[in-house]
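A.B. asks: no sequence on this one, just coordinates:
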């Protein structure tokens, strides 16, 4: 079964946060998992265009799943992002 672009982007973000964060949950008051990655790099990893990746990231940000800054993506709601990944 094929995954949608949104599912592939969510899966990629979750994989990248899992690869760089310490084992176990983050303690209250600590930072959310942050990924240093451009939209173009994320698009390449997820197998889509930069424009489509940007659109999906904006949709996720509008729903409070993540926050974007120049070259950084902060995952605010990993459980909801996991739901998006299918």
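C.D. replies: Great, that's in hand. All values derive from a computational prediction rather than experimental measurement. Numbering: from 1, shown residues only.

A.B. asks: Direction included, what does the lowest-mean-pLDDT helix or strand in the chain pair up with?
C.D. replies: Least confident element among the helices and strands of the chain, by mean pLDDT, DSSP states H and E: strand 34-36 (a mean of 88). Strand 34-36 has its sheet partners listed here by DSSP bridges as strand 72-75 (antiparallel).

A.B. asks: which sections of the chain are below the confidence cut-off?
C.D. replies: Scanning the chain with the threshold set as pLDDT under 70 gives 1, 21-30.

A.B. asks: host element of the most centrally placed residue in the chain?
C.D. replies: Centroid-nearest residue in the chain: residue 13, 3.3 Å away (criterion: Cα atoms, centre = their mean). If you go by DSSP states H and E, residue 13 is part of helix 5-20.

A.B. asks: Residue 64 now?
C.D. replies: According to DSSP H and E, residue 64 maps onto no helix or strand at all.

A.B. asks: How about residue 52?
C.D. replies: Taking DSSP H and E as the criterion, residue 52 maps to helix 50-62.
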